[in-house]
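1. predicted model follows, preceded by the sequence.
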Protein chains: 2
Amino acid sequence: MKHTASVIGYHTTRYGELWNKSLYELLAEAYSGAIADAHTEHGSVDAIFLGNMLGGVLDGSLLLEAHLAEGIRSHIPMYRVEAACASGGLAFQMATEYLSAHPHHTVVVVGGEKMTDVSGGEISRALATAAAPKEQRVGLTFPGVYALIAQSYLHAYGYDERHLASISVKNHAHGALNERAHFQRAITIDEVLESQYVAYPLKVLDSSPISDGASAVVLTGNATRIRTAQAAVSVLSSETATDTISLAQRERIDTLQATVCAAEKAFQTAGISRKEIDVMEVHDCFSIAEILALEDLGFWKKGEGGARALQMETARDAGNNLIVNTSGGLKAAGHPVGGTGIKQIGEIYLQLTGRAGKRQVARHAKGLAHNVGGSGGVAVVTLLGIS
Amino acid sequence: MKHTASVIGYHTTRYGELWNKSLYELLAEAYSGAIADAHTEHGSVDAIFLGNMLGGVLDGSLLLEAHLAEGIRSHIPMYRVEAACASGGLAFQMATEYLSAHPHHTVVVVGGEKMTDVSGGEISRALATAAAPKEQRVGLTFPGVYALIAQSYLHAYGYDERHLASISVKNHAHGALNERAHFQRAITIDEVLESQYVAYPLKVLDSSPISDGASAVVLTGNATRIRTAQAAVSVLSSETATDTISLAQRERIDTLQATVCAAEKAFQTAGISRKEIDVMEVHDCFSIAEILALEDLGFWKKGEGGARALQMETARDAGNNLIVNTSGGLKAAGHPVGGTGIKQIGEIYLQLTGRAGKRQVARHAKGLAHNVGGSGGVAVVTLLGIS
């Protein structure tokens, strides 16, 4: 039986090209900020969960937990979780499992990445380590994998590149309101269409950037801490599922089965319906990914997504009930991979507690965060609601 | 409240230079072997915990869970844990936390490493990623870190290199009885003393080798599975603690405070005394490390270790109650880092269930496994007992 935990604090660093800060400094900044936001002292943290993908590959930093322990000066349990771009979300999901075993504990989930200090070629190779070996060997990069998915999807349902571009336009409009976002400016459909191809049909402006940054949340099962927090949000459920990493092994490549499974479990566990969700952060590593996410999470029917994306139904100013990626998503807010899944949960936390500032949405009782690793090898879906 | 889980199956590949097998093949072999040993079918596995340190750095393999999912064809949760040389032990510890939330589930904990395909320089740099950045920058390698610890210890208590060498001699004698060990031959004190220095006072034969290999255990809270297993052992407790990674930040360098803390918690949780332990696997990455382990785990007083090591008190044939590293330890059985912590638990499982073959010990009611990450940045202590 899983017990209920609540998010009681959140902090994120600015996402972007942060050349003057190390990976450890970013993690420490997010950690301390979240503790302060939760009105908690460091001494009451019982365990730390750490999401990071590339510290070992790019930065010569494995055993990051011990690097954190160095600054924190305590002997509490620390767990580093790696699940490629879902490292942050999975660290959070695992923390919810841990709190079932320790229902009165308070834990910090922190994740981040330092990606802009190396060349583009190096980062492409590093990110490709999360792809299937066979796909790596034939030279498929991550944009290449998602480009194949996009081609299949556009062809199957008769959509074109404008349908993809709409996602980026919406997310940049949202990101323009987020002072921690990597990109804080609006873009147009034409700008997306005129940007350079990365892997046909995906262009630079269909793609999330390479970012530095870190984010952290404080999660607790302690009733006193929940009551005395300035703002608390319950974790209604947090579930994860896996899938083959090779596209070739899948029944269809325009469905992320890990997302389908994780979402089904998450809604079942929480006992709520999709209609109750007001605000979501979904994994838009490329524009096509947000369209698939809305379908695979069960909000749109398979094949509808292109048309509904073009209508910008999920924009803040569309006047509809479901608003997606108010942070700017991975596209505009940035994508330091270990941080992303935690920032998504943090953004929902801010929205549900009415603390999202200029980008606050009007209806905010329940929210969803969706984080994907690789091209769908792992997915994590977390449902949150006002306590 | 933590519930009780039991180990019901174990398999390890041979440890050694396994040039004809990939990391994924080793993990899959250990996984399948453990499932078979537990008389379980793949379909009843509810989650997988994966310990691996260097897949991303050496092998271009991150998101290893999805590589496993590819072979296994299921959508179950999978978690990769990285804690340097404690990756396997911490994956197991985390699995016990998970089973508290899902007390009827059955999970597999699998870990391994593929280390012999790269040059010695490359592996030294890769392993050094788990050291403190300042220590890395001044050129301290892992043998260097433990050499400083050894020098301090020998000087403080008036011991010499023979005291260290005794550990290797004992563990090689044990390893000679283990058909899966990297090295299966006995060595003498003189051979250790005559081997080349790696970092004074540590020599080649004070040091665990670079190995390939993988190990897996099946862990369940399901009463029916425990009853129908051919052999089951209860997890009495499994605890982890962390510490600063820099030696310079520690009060004393001849004590691994993470081991002290994890052991205290583990004995307290299990409610048993150290006198009840019959057999232990401890983290002897270097000979000095086993001496410190026996002290820091609370079996020997600080400073006694050198003399007691020279007496080979913990050898199988010494006639004493406490026998240490029957597998051969990291020194003789080998040290594929992500596999080690799981092999330790598997060895205790074999001993407690009377299935350890030629190296079976006579008294085998309770055992302990002790896994360390970095130079003591993380430690995991697991206590096991006959169900």
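-> Arrived safely. Numbers count the residues shown, from 1 in each chain, chains lettered A, B, ... in the order given.
2. can you dump the C-alpha atoms of stretch A:49-63 in CSV for me?
-> What follows is stretch A:49-63, C-alpha atoms only, in CSV (Å, rounded to 0.1, in the frame of the first residue of the first chain):
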residue,chain,number,x,y,z
PHE,A,49,17.3,11.3,-4.7
LEU,A,50,19.5,12.6,-7.5
GLY,A,51,18.6,12.6,-11.2
ASN,A,52,21.6,13.0,-13.6
MET,A,53,22.4,11.4,-17.0
LEU,A,54,25.8,12.6,-18.2
GLY,A,55,27.9,13.6,-15.2
GLY,A,56,30.2,10.6,-15.7
VAL,A,57,30.4,10.9,-19.5
LEU,A,58,30.9,14.7,-19.9
ASP,A,59,32.1,16.0,-16.6
GLY,A,60,34.1,13.2,-14.9
SER,A,61,31.6,13.1,-12.1
LEU,A,62,30.1,9.8,-11.0
LEU,A,63,29.1,9.1,-7.4
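3. so what's the gap between it and the chain middle?
-> Here stretch A:49-63 is found 18 Å from its chain centre; the criterion is C-alpha atoms, centre = their mean, to the nearest Å.
4. close to chain B, is it?
-> Yes: using C-beta under 8 Å from any C-beta of the partner chain, stretch A:49-63 reaches chain B at A:Met53, A:Leu54, A:Gly56, A:Val57, A:Gly60, A:Ser61, A:Leu62, A:Leu63. All C-beta atoms are positioned from the backbone trio N, CA, C, and that covers glycine.
5. show me the contacts for the second one.
-> For A:Leu54, the residues meeting the contact criterion (C-beta atoms under 8 Å, 6 or more residues apart in numbering or on different chains) are A:Glu113, A:Lys114, A:Met115, A:Ala126, A:Leu127, A:Val337, A:Gly338, B:Gly56, B:Leu62.
6. is it possible to get a markdown table of the residues of stretch A:49-63 next to chain B that adds secondary structure and pLDDT?
-> Listed next are the residues of stretch A:49-63 next to chain B as a markdown table, based on DSSP: H, G, I helix; E, B strand; the rest coil; pLDDT from 0 to 100:
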| residue | secondary structure | pLDDT |
| --- | --- | --- |
| A:Met53 | coil | 90 |
| A:Leu54 | coil | 84 |
| A:Gly56 | helix | 77 |
| A:Val57 | helix | 76 |
| A:Gly60 | coil | 69 |
| A:Ser61 | coil | 71 |
| A:Leu62 | coil | 70 |
| A:Leu63 | coil | 72 |
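7. what's around A:Gly357, how many residues?
-> By other C-beta atoms under 10 Å in any protein chain shown, the residues close to A:Gly357 number 10.
8. ditto for A:Gln311
-> Applying other C-beta under 10 Å, we find 12 residues neighbouring A:Gln311.
9. please enumerate the strands of the stretch 101-250 of chain A.
-> Taking DSSP state E, counting those that start in this stretch as the test, the strands found in the stretch 101-250 of chain A are A:106-113, A:197-199, A:202-203, A:213-220, A:233-242.
10. out of these, nearest to B:Leu384?
-> strand A:106-113 (26.5 Å; C-beta to C-beta).
11. what angle separates the closest one from strand A:213-220?
-> Angle, strand A:106-113 to strand A:213-220, by axes from the mean of the first three to the mean of the last three C-alpha atoms, to 10 degrees: 170 degrees.
12. residue closest to the middle of chain A?
-> The centre of chain A sits closest to A:Gly341, judged by C-alpha atoms, centre = their mean, with a distance of 3.2 Å.
13. beta partners of A:Leu219?
-> Note on A:Leu219: beta-bridge partners A:Val7, A:Val107, judged by DSSP bridges.
14. ok, it touching A:Val109?
-> Yes: between A:Leu219 and A:Val109 there is a contact at 6.0 Å, judged by C-beta atoms under 8 Å.
15. shared neighbours, these two?
-> Common neighbours of A:Leu219 and A:Val109 (criterion: C-beta under 8 Å, 6+ apart): A:Phe92, A:Ala95.
16. who's more crowded, those two?
-> A:Val109 (35 against 27).
17. enumerate every residue touching that one.
-> By C-beta under 8 Å, 6+ apart, the contact set of A:Val109 is A:Ile48, A:Phe49, A:Leu50, A:Gly51, A:Gly88, A:Ala91, A:Phe92, A:Ala95, A:Ala216, A:Val217, A:Leu219, A:Ile342.
18. just curious, which of the residues you listed is nearest to chain B?
-> A:Ile48 (8.4 Å; C-beta to the nearest C-beta).
19. give the partner strands of the helix or strand that closest one falls within in its sheet and their orientations.
-> Secondary structure assignment for A:Ile48, by DSSP states H and E: strand A:47-51. Paired strands of strand A:47-51, with direction, are strand A:78-81 (parallel), strand A:106-113 (parallel) (DSSP bridges).
20. so which of those strands comes closest to A:Leu18?
-> strand A:106-113 (10.0 Å).
21. mind checking the pLDDT average for stretch A:297-317?
-> Within the predicted structure, the mean pLDDT of stretch A:297-317 is 97.
22. tell me the gap between that stretch and the middle of its chain.
-> For stretch A:297-317, the distance to the chain centre is 19 Å (C-alpha atoms, centre = their mean).
23. where do the helices sit along the stretch 251-387 of chain A?
-> Ranges of helices in the stretch 251-387 of chain A, per DSSP state H, counting those that start in this stretch, are A:257-270, A:287-296, A:305-310, A:329-333, A:337-352.
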